[in-house]
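>>> The following comprises the amino acid sequence and a computationally predicted model.
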Amino acid sequence: MASSVDAACTANRCQNFAREIQWLFQWLLKRISRYAPNGVFDVWGSPLINDALELPCGRQLANRICKAAMTEGLADAHDNATLAHRRLYSTWARGGAAVLLTGNIMIDRRYLERSGNVVVEDDAGLAQLRD
């Protein structure tokens, strides 16, 4: 009996969640439709996103696009950056984002988030990061 009650509660929660997601999706579509009357949302043509942004330090960014930090998993067997890192970040740099956040560089190889992460415990691998 308890399992059927639990299943009914879970199903009810799923239906409520689905309704909330559907509402949110419709709300977003209404907002987006102001900028995309033909149903195609052009991120680069939208207000603000392509506008320059001045940071508090005075530095001017070309636009408001920022690529968040990710774990690439491209380090070599010694946990150093590789040519694959250079190609990847070079491709992202040509993509038009004003800011590319790097991340997930380990400072202690005993605590890797995953294999293939770059580790900087000393000066050994710094040359590959500077290239």
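Received, thanks. Numbering: from 1, shown residues only.

>>> number of nearby residues for residue 118?
23 (other Cβ atoms under 10 Å). Using the backbone N, CA and C atoms, a C-beta is placed for each residue, glycine as well.

>>> What's the separation between it and residue 84?
Distance of residue 118 to residue 84, computed by Cβ to Cβ, to the nearest Å: 11 Å.

>>> Check residue 27 too.
Residue 27 is 41 Å from residue 84, by Cβ to Cβ.

>>> Quick check on those two: which one has the bigger neighbour count.
residue 84 (14 against 10).

>>> State the pLDDT value of the more buried one.
Per-residue confidence (pLDDT) for residue 84: 91.

>>> Verify the assumption that it is located in a strand.
No - under DSSP: H, G, I helix; E, B strand; the rest coil, residue 84 sits outside any strand and is assigned helix.

>>> Just to check, it is in contact with residue 73?
No - Residue 84 is beyond contact range of residue 73, at 9.6 Å (criterion: Cβ atoms under 8 Å).

>>> helices and strands of this protein: which one bottoms out on pLDDT?
Least confident helix or strand, the chain: helix 2-33 with a mean of 64, by mean pLDDT, DSSP states H and E.

>>> could you point out which element follows that one?
Using DSSP states H and E, the helix or strand that follows helix 2-33 towards the C-terminus is strand 53-54.

>>> Tell me the helices and strands packed up against that following strand.
strand 60-61 (3 or more Cβ pairs under 8 Å, 6 or more residues apart in numbering; DSSP states H and E).

>>> Could you please name the strands the strand it packs on pairs with and the direction of each pair?
Strands adjacent to strand 60-61 in the sheet, as given by DSSP bridges, are strand 53-54 (antiparallel).

>>> what bridges to the spatially closest residue to residue 92 that is not a sequence neighbour?
Closest residue to residue 92 apart from its sequence neighbours, by Cβ to Cβ, 6 or more residues apart in numbering: residue 100 at 5.3 Å. Here residue 100 sits in beta bridges with residue 67, as judged by DSSP bridges.
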